[in-house]
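[1] pasted the sequence and its predicted model underneath.
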Amino acid sequence: MNNVRTVSDTKRTFYSLHTRPINTIYRRVVEELMVEMHLLSVNSGFTYNPIYALGVVTSFDRFMQGYQPERDQESIFNALCQAVEQEPQRYREDAQRLQALAQDLLVQDLIAWLSQTTHLDRDPDLQGQLQAIANNSQFKYSRLFAVGLFTLLEQSAPELVKDEKQRTEALKSIAAGLHLSDEKLTKDLELYSSNLEKMAQALVVMADMVSADRKKREQRQQQTTTPVAPPSVTE
């Protein structure tokens, strides 16, 4: 008997946990992330790791930036994780730990560590995860894992990731050390950046439309409340 959860099962669970409507412009983002997390969670080759968790948290926070009402963001994130039978607190805690670690390291040391050319005595759990990934020819790579790696670089050296040459060299080194495809890594991160730009543009358009609609309502209200002067009487 096949008891593997379906995408429909995951969506049903999500909407039973987060019952408030999701703003239209963000709904596609949420559902795409949900499907991606679902497909990984039911894949027999997938194993949770903190870099993947950082990718999930970063993707969610970046794409949901500006979501209103703001208080719903936590509910949506929690429902996403719980829908794929994961603990949201674990994702948040692992992401915060890795971000703090990256901010505290020189980017050269971080790249060498991620590339497995140097072992740093800083986080035994992450060290073990990196070694396991490098030694596992069947490691289940994902776009969210790539986003996690990128976020580590971004937290350590924001200027480096803005420089195409330095960014490419760093990603190639990391991909080689972890036995990943640098071409796949680069393409996934280019798509990630492109989607962030599209989301930002969509939000600007939405804000302009809301502003224009508000002005029209104010003008109509002003017209209905402005007293009409009586016609002048000529003697």
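    Cool, the structure landed. Numbering: from 1, shown residues only.

[2] tell me the buried residues in whichever helix or strand Arg27 is part of?
    Assigned by DSSP states H and E, Arg27 falls within helix 24-41. Across helix 24-41, burial judged by 16 or more other Cβ atoms under 10 Å covers 26, 29-30, 33-34, 36-38, 40-41. (C-beta placed from N, C-alpha, C; glycine too.)

[3] okay, now Ala83: neighbour count?
    23 (other Cβ atoms under 10 Å).

[4] what's the separation between it and Arg143?
    Distance from Ala83 to Arg143, counting by Cβ to Cβ, to the nearest Å: 19 Å.

[5] tilt between the lowest-mean-pLDDT helix or strand in the chain and helix 24-41?
    Of all the helices and strands that make up the chain, the one with the lowest confidence by mean pLDDT, DSSP states H and E is helix 182-225; it has a mean of 82. Interaxial angle, helix 182-225 versus helix 24-41 (axes from the mean of the first three to the mean of the last three Cα atoms, to 10 degrees): 150 degrees.

[6] what strand or helix carries Arg5?
    Short version: Arg5 belongs to no helix or strand, going by DSSP H and E.

[7] repeat for the one 5 residues further on
    Secondary structure from DSSP H and E places Thr10 in helix 7-17.

[8] what residues sit buried inside that helix?
    Buried residues in helix 7-17, counted by 16+ other Cβ under 10 Å: 10, 13-14.

[9] after the helix holding Arg27 comes which helix or strand?
    Stepping forward along the backbone from helix 24-41, the first helix or strand reached (DSSP H and E) is helix 50-63.

[10] which neighbouring elements make contact with the helix or strand following that following helix?
    The first helix or strand that comes after helix 50-63 along the chain, using DSSP H and E, is helix 72-83. Helix 72-83 sits against helix 7-17, helix 24-41, helix 50-63, helix 88-103, with contacts defined as 3 or more Cβ pairs under 8 Å, 6 or more residues apart in numbering; DSSP states H and E.

[11] just the CA atoms of the shortest one, as PDB, please.
    Pointing back at helix 7-17 there. In PDB, the C-alpha atoms belonging to helix 7-17 read as follows (Å, rounded to 0.1, in the frame of the first residue of the first chain):
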ATOM      1  CA  VAL A   7       0.900  17.400  -3.400                       C
ATOM      2  CA  SER A   8      -2.900  17.700  -2.800                       C
ATOM      3  CA  ASP A   9      -2.400  16.200   0.700                       C
ATOM      4  CA  THR A  10       0.200  18.800   1.500                       C
ATOM      5  CA  LYS A  11      -1.900  21.700   0.100                       C
ATOM      6  CA  ARG A  12      -4.900  20.500   2.100                       C
ATOM      7  CA  THR A  13      -2.900  20.400   5.300                       C
ATOM      8  CA  PHE A  14      -1.400  23.800   4.600                       C
ATOM      9  CA  TYR A  15      -4.800  25.500   4.100                       C
ATOM     10  CA  SER A  16      -6.200  23.800   7.200                       C
ATOM     11  CA  LEU A  17      -3.400  25.300   9.300                       C
END
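
[12] name the residues that touch it?
    Contacts with helix 7-17, where a contact means Cβ atoms under 8 Å, 6 or more residues apart in numbering, come from 31, 34-35, 38-39, 75, 78-80, 82-84.

[13] centroid residue for this protein?
    The residue lying closest to the centre of the chain (Cα atoms, centre = their mean) is Ser59, at 0.4 Å.

[14] how many residues are close by the nearest residue to that one once chain neighbours are set aside?
    Beyond its immediate neighbours in the sequence, the residue positioned closest to Ser59 (Cβ to Cβ, 6 or more residues apart in numbering) is Val147, lying 5.5 Å away. For Val147, the count of nearby residues is 23 (other Cβ under 10 Å).
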